[in-house]
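Participant: Mind looking at a prediction? Sequence and model below.
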Amino acid sequence: MRRVVVILAILLVLSAAVLPRPASAGGWHHGHHGGVWWLPGAIIGGLVLGAVTLATAPLWALTPPPAPPQPVVVPAPAQVVRLQAPPYTAPLLPVPPPDSAPPARAYQPATYASAAAPAVKREVVYEHGRYVLYGDGVREPWQWVWIPAVAPPPPPPPPPAR
């Protein structure tokens, strides 16, 4: 009996998967027919799923377990023994003799030289003036200042007419 129900359920699921295929056989008609081509498959699939659930759920719900459950035996808890921790004592360290001193540290001389800062062009000259850069970028911010060129002296007066 159970085998017949399972085979019937498999056939129903397979037919629900195969039946929506003819809906696409017409070449989809470029999206016409209201866009509900999937509706028959959804209805039939829902009916099949419901039928399988109704046909098989009572079999699972109403079957008794294979054997009654075994009683659970829990042993009594073991006695808890609390020990007091030993008091804290500082670790014993060897004491150096009173006249000893640590050896003098010998420092190696530095074998590198710091790179010199690249030269900064502090003046840019143009025909009508120049820009001058003030500050060092650390203590004072960089600032470019425009200084106009000095106007050339006026031309000499024309010689007197004779």
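Facilitator: Noted; the coordinates are in hand.
Participant: Tell me where this structure has strands.
Facilitator: Here the chain has its strands, by DSSP state E, at 123-125, 129-134, 143-148.
Participant: Mean neighbour count, those: which tops it?
Facilitator: Among those, ranked by average contacts under mean count of other Cβ atoms under 10 Å, first place goes to strand 129-134 (a mean of 14). Bear in mind the C-beta positions are built from the backbone N, C-alpha and C, glycine included.
Participant: quick one, that strand and strand 143-148 angle?
Facilitator: Strand 129-134 and strand 143-148 are oriented at 150 degrees to each other (axes from the mean of the first three to the mean of the last three Cα atoms, to 10 degrees).
Participant: end-to-end on stretch 71-89?
Facilitator: Start-to-end span of stretch 71-89 (Cα to Cα, to the nearest Å) is 53 Å.
Participant: low-confidence ranges in the protein?
Facilitator: 18-39, 58-61, 113-114, 117-118 (pLDDT under 70).
Participant: So which elements touch the longest helix anywhere in it?
Facilitator: For the chain, the helix with the greatest residue count under DSSP state H is helix 39-62. Packing partners of helix 39-62 (3 or more Cβ pairs under 8 Å, 6 or more residues apart in numbering; DSSP states H and E): helix 2-18.
Participant: what angle sits between the helix it packs on and helix 39-62?
Facilitator: Orientation check (the same axes, to 10 degrees): helix 2-18 against helix 39-62 gives 160 degrees.
Participant: buried sites along helix 2-18?
Facilitator: Ala9, Leu12, Ala16 (16 or more other Cβ atoms under 10 Å).
Participant: distance between that helix and the chain's centre?
Facilitator: Mean C-alpha position of helix 2-18 versus that of the full chain (Cα atoms, centre = their mean, to the nearest Å) differs by 46 Å.
Participant: what do you get for stretch 107-123?
Facilitator: 41 Å.
Participant: Ok, stretch 55-68 next?
Facilitator: Using Cα atoms, centre = their mean, the offset of stretch 55-68 from its chain centre is 48 Å.
Participant: Export only the CA atoms of it, formatted as PDB.
Facilitator: Provided in PDB are the C-alpha atoms of stretch 55-68 (Å, rounded to 0.1, in the frame of the first residue of the first chain):
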ATOM      1  CA  ALA A  55      -2.000  11.400   1.000                       C
ATOM      2  CA  THR A  56       1.200  10.900   2.900                       C
ATOM      3  CA  ALA A  57       0.900  13.100   6.100                       C
ATOM      4  CA  PRO A  58      -1.500  10.700   7.900                       C
ATOM      5  CA  LEU A  59       0.800   7.800   7.300                       C
ATOM      6  CA  TRP A  60       3.700   9.600   9.000                       C
ATOM      7  CA  ALA A  61       1.600  11.100  11.800                       C
ATOM      8  CA  LEU A  62      -0.300   8.000  12.700                       C
ATOM      9  CA  THR A  63       2.400   5.400  12.600                       C
ATOM     10  CA  PRO A  64       3.500   4.400  16.100                       C
ATOM     11  CA  PRO A  65       7.200   4.600  17.000                       C
ATOM     12  CA  PRO A  66       9.100   1.300  16.500                       C
ATOM     13  CA  ALA A  67       9.600   0.800  20.200                       C
ATOM     14  CA  PRO A  68       8.600   2.600  23.400                       C
END
